[in-house]
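Participant: Pasting the sequence and the predicted model now:
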Amino acid sequence: MTHRMPRREFLGAMSAMAAASAFPCGTLFARERLYPPMDLSHFDTPITPAPSEIHLGYAAITWGGNDCQAIDEIAAVGFRGIQLRSNSIAEFGSPAAVRDLLSQHELKFVALSSGDLLSDAAAAKKSIAEHTAHAKFLRDAGGLYLQIIDNLPKRRAATPADFKLLGKALTELGKRTADLGIPLGYHNHMGSLGERPEELDQIMSLSDPRYVKLELDIAHYFQGGGDPVKAIEKFHDRLLFLHIKDVEHLPLGKDTQHSYRWVELGHGLVDVPAVFEALRKVNFRGWAVVELDGVSDNAHSPKEAAAANKQYLREKLGLTV
């Protein structure tokens, strides 16, 4: 069937086309634009990364489990963040009790030391569930990060299979904590699979970077034979937070369990200023938690040790605590 346009409509269409042809193309297009031209030149300049911003906290481990005293004295010294250990879960009983006490002292709950992750097939499922419960407590208490460590196999040398199992367990745990909104940080530690730099490299490569970050302890890394500055450069995109501490070597023959001892900042062998310079270079933005496992000969109490570490950070590094 042939469609025929009525003569009146045909003449009207021809008149409209003739009228349009009388205008310059630019004028016609200008009438058709819905929005004015935009200047997109500022997109030619790359966005500059945000500068480094380091917040300084303190670990309660020095107080040996007396967390109420630790909270009171860490706040009194002037630190604005704190790391607690999993013993605080039983001590306080509820996340609300922790959250309220820290709020009263104006302390941020930076991290919870959750303990050892068991990665062998027989114990991994139960261990992952336990640390997931810790992450939930941490979240409900207003905390940020879950710290995890591991142990060497008993009575035998570590094998490649051990590293694979740990990487798998860390990834599974990291997925579960991520569901709770809590990032997971693996803590390199003496006496663990991640003691030496090459061992930490394996663990990081065998775990999913989306779910497993690094909580770098600069003194443990140094004592394990590594350079903390190089670790920061290598793992800058997986750094969750750090432990800032120092270590000294003990004289041979001294009656002690180890050939080293953790000491206040500036009293050991770690190049702490270089560490903070490296953090600035990679534009690290986050928490650096000062940690001292126990009071050394340089101080008489945990509070005095914390004050000495604060003094070092302010006077030697020019940092605001």
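Facilitator: Yes, it's here. Numbers count the residues shown, from 1 in each chain.
Participant: Which parts of this protein are strands?
Facilitator: 53-59, 81-85, 108-116, 145-149, 184-187, 212-217, 239-244, 246-249, 260-263, 285-290 (DSSP state E).
Participant: Mind listing the strands the fifth one pairs with, and their directions?
Facilitator: Within its sheet, strand 184-187 is paired with strand 145-149 (parallel), strand 212-217 (parallel), according to DSSP bridges.
Participant: Just want the angle from the shortest one to strand 108-116.
Facilitator: Taking axes from the mean of the first three to the mean of the last three CA atoms, to 10 degrees, one finds that strand 145-149 is oriented at 30 degrees with respect to strand 108-116.
Participant: Any idea how many residues pack against the residue lying closest to L112 once chain neighbours are set aside?
Facilitator: Nearest non-adjacent residue to L112, counting by CB to CB, 6 or more residues apart in numbering: L138, 4.5 Å away. Where you see a C-beta, it was placed from the backbone N, CA and C, and this is true even at glycine. Per other CB atoms under 10 Å, the neighbour tally for L138 reads 28.
Participant: same question, the one 3 residues further on
Facilitator: A141 is flanked by 22 other residues according to other CB under 10 Å.
Participant: List the residues that contact it.
Facilitator: 95-96, 98-99, 102, 109 (CB atoms under 8 Å, 6 or more residues apart in numbering).
Participant: Now do it against S88, distance only.
Facilitator: 9 Å (CB to CB, to the nearest Å).
Participant: what's the overlap in contacts for these two?
Facilitator: Joint contacts of A141 and S88 (CB under 8 Å, 6+ apart) are V98.
Participant: ok so, going back, how about the strands paired with strand 184-187 in TSV, adding mean neighbour count and mean pLDDT?
Facilitator: Formatted as TSV, these follow (neighbours: other CB atoms under 10 Å; pLDDT from 0 to 100):
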stretch	mean neighbour count	mean pLDDT
strand 145-149	25	98
strand 212-217	26	98
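Participant: quick one: low-confidence parts of this protein?
Facilitator: 1-49, 253-256, 298 (pLDDT under 70).
Participant: how close does the spatially most central residue of it get to T320?
Facilitator: The centre of the chain sits closest to L240, judged by CA atoms, centre = their mean, with a distance of 1.4 Å. Per CB to CB, L240 is found 22 Å from T320.
Participant: R261 now?
Facilitator: 29 Å.
Participant: Who has more neighbours out of the two?
Facilitator: The residue with more neighbours, out of R261 and T320, is R261; 19 against 11, by other CB under 10 Å.
Participant: For that one, give me its contacts.
Facilitator: Going by CB under 8 Å, 6+ apart, R261 touches 247-248, 250, 296.
Participant: Let me know the closest of these to E53.
Facilitator: V247 (26.8 Å; CB to CB).
Participant: hang on, isn't the closest one packed against L269?
Facilitator: Yes - using CB atoms under 8 Å, V247 is in contact with L269, at 6.2 Å.
Participant: who's more crowded, these two?
Facilitator: Using other CB under 10 Å, the more surrounded residue of V247 and L269 is V247, with 19 against 13.
Participant: who touches that one in this structure?
Facilitator: 219, 222-223, 260-263, 268-270.
Participant: What of D271?
Facilitator: Contacts of D271 by CB under 8 Å, 6+ apart are 228-229.
Participant: I'd like the distance between Q202 and G194.
Facilitator: For Q202 relative to G194 (CB to CB), the value is 8 Å.
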